[in-house]
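Asks: predicted coordinates and the sequence they were generated for:
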Amino acid sequence: MPTLLEVWESRLGIAEVAGKKHNDLILQWWSDAGHPEIIDDETAWCSGAQCSAAKAAGLPFPPVNINPMARSWLTMGVRVDRKDVQPGDVIVWPRGKPNSGSGHVNCVKEVRKRGSTIEVRCIGGNQSHKSGGAVTLTGWTDLAGALPNGVRRLVPATVKDLRQAGSTTIKQADNVEKLGILAVFTTPIIEGVRWVASLFGGVDVPKFVSLPDGLTWWQTVLGTANGIYGYMGEHPYLAVTLVCGLGAFAFSRRTKTGRVEEHANGMPIAAEVARLQEA
């Protein structure tokens, strides 16, 4: 799958059609973003193009119930300090007055430092072009002009990436999973201790009844299961621990799967990691 930057590079030069006609590719990008109701290429389309590019790169983008404007990207992914900006990051710029709701979004192509100044060249849609707007590469621009918290790094929808990004939901599920695994292994741990203790005498370690020879595979499985069931009946505290452990493990897995699906559908991680996002 291509990276976000590779997708943008492949789209360089795509432009609006002057007059009453419209570029079908730009309309398709709006459809990719979940807004097929936009049927012209005069509507500011930098955010729609960014949504389409993110989708092509397998990355989350603002859901359809969010206003499809550039500033909707201020809560996507994680905030990046300006000094750590790198190619492939998303930049949200002001358009007009800084406090207005307008903005512009594009993708970093190159970064350079000139003393204390950090400059970027970006690829984005609906940028200045003789036809009115196109996918172009900007000139070098001072990154200080980006909106506060406007340097973003998109996070793929995987457990590993969400964990690295600081998702509290994933980290809490990790802790529950660890407890579940510990509970599941409580029985063999306890029995191991009992067995070691029995080597020094004074502890009677119960044993499963031996199964007769010549049983089929399924008979062996059923016989073993029956032996375990009987053993758990004699030691109910272990049975409860095992059930709780398996339940915790299943719950943590379901939680992680659900959070990944939510993230893939555009639910920002910002609400979870406010200390990182500040957005």
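Replies: Structure's in. What do you need? As the structure is a computational prediction, the values presented were derived from the model and not from experiment.
Asks: C-alpha coordinates for the helix or strand hosting residue 125, PDB please?
Replies: Per DSSP states H and E: residue 125 is located in strand 117-127. Backbone C-alpha positions of strand 117-127 (Å, rounded to 0.1, in the frame of the first residue of the first chain) are rendered in PDB as follows:
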ATOM      1  CA  THR A 117      13.500  28.700  11.100                       C
ATOM      2  CA  ILE A 118      11.900  25.500   9.800                       C
ATOM      3  CA  GLU A 119      10.600  25.500   6.300                       C
ATOM      4  CA  VAL A 120       8.500  23.000   4.400                       C
ATOM      5  CA  ARG A 121       7.400  22.300   0.900                       C
ATOM      6  CA  CYS A 122       4.000  20.600   0.700                       C
ATOM      7  CA  ILE A 123       1.800  18.800  -1.800                       C
ATOM      8  CA  GLY A 124      -1.900  19.500  -1.600                       C
ATOM      9  CA  GLY A 125      -5.100  20.000  -3.500                       C
ATOM     10  CA  ASN A 126      -6.900  23.200  -4.500                       C
ATOM     11  CA  GLN A 127      -3.600  25.100  -4.500                       C
END
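Asks: what's the first helix or strand after that strand?
Replies: Once the chain leaves strand 117-127, the next helix or strand it forms, by DSSP H and E, is strand 134-137.
Asks: mind listing residues that contact the helix or strand that that next one is followed by?
Replies: Per DSSP H and E, strand 134-137 leads on to strand 141-142 as the next helix or strand towards the C-terminus. Residues lying outside strand 141-142 but in contact with it, judged by C-beta atoms under 8 Å, 6 or more residues apart in numbering, are 117-122. Just so you know, the C-beta spots here come from the backbone N, C-alpha and C atoms, and that holds for glycine as well.
Asks: so in that sheet, which strands flank strand 141-142, and in what orientation?
Replies: Its sheet considered, strand 141-142 pairs with strand 117-127 (antiparallel) by DSSP bridges.
Asks: now the strand it pairs with, how far from the chain's geometric center?
Replies: Relative to its parent chain, strand 117-127 has a centroid offset of 25 Å by C-alpha atoms, centre = their mean, to the nearest Å.
Asks: good, wrapping up.
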